[in-house]
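> Sequence and predicted model, in that order:
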Amino acid sequence: MICLRCGYCCKNLAVVIVKDPALGIREDNLIPHNFDGKKEPCPHLIEKSDGTYECKIHNEPWFKETPCYQYTQIEQGNQPCRIGKRMLRKK
């Protein structure tokens, strides 16, 4: 799946995130995010001036081990994210 950087997942989905990027992925550095249903933006999310979003930790060498990187949509393969297409149409 190709992320379109709409920000939806980083604001709405419950996922385990890395608390302190300098420490990387370690058991004592992982925290639940949005498990309480508050739907708050991930602290690593940056909104850009064009209305898209960027992840501050996306280029870390351990990012491929995170649930965020591994998230996909069934039957999407190397296709643009369906949620992203819908959210960007609304803007």
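In hand now; what should we look at?

> Please report phi then psi for the nearest residue to Leu13 once chain neighbours are set aside.
Distances taken as CB to CB, 6 or more residues apart in numbering place Asn34 nearest to Leu13, at 6.3 Å, with adjacent residues excluded. Using the backbone N, CA and C atoms, a C-beta is placed for each residue, glycine as well. Dihedral pair for Asn34: phi 70, psi 20, per degrees, to the nearest 10.

> Quick check: the gap between Asn34 and Lys11.
8 Å (CB to CB, to the nearest Å).

> can you map out the helices along the protein?
For the chain, applying DSSP state H gives helices covering 8-12, 67-70, 82-90.

> OK, contacts around the residue lying farthest from the centre of the chain?
Using CA atoms, centre = their mean, the residue of the chain lying farthest from its centre is Asp28. It sits 20.2 Å away. Asp28 makes no contacts at all, as judged by CB atoms under 8 Å, 6 or more residues apart in numbering.

> Can you pull out the low-pLDDT segments for this structure?
Scanning the chain with the threshold set as pLDDT under 70 gives 75-76, 91.

> could you pull out the strands for it?
For the chain, the strands defined by DSSP state E occupy 15-18, 30-33, 45-47, 53-55.

> Reformat the ones you listed as JSON lines; add distance to Glu65 and mean neighbour count.
What follows is the strands of the chain, written out as JSON lines (distance: least, CB to CB, whole Å; neighbours: other CB atoms under 10 Å):
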{"stretch": "strand 15-18", "distance to Glu65": "9", "mean neighbour count": "18"}
{"stretch": "strand 30-33", "distance to Glu65": "11", "mean neighbour count": "15"}
{"stretch": "strand 45-47", "distance to Glu65": "19", "mean neighbour count": "14"}
{"stretch": "strand 53-55", "distance to Glu65": "14", "mean neighbour count": "17"}
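
> mind checking which of those is nearest Gly24?
For Gly24, the closest of these is strand 15-18, at 6.9 Å, according to CB to CB.
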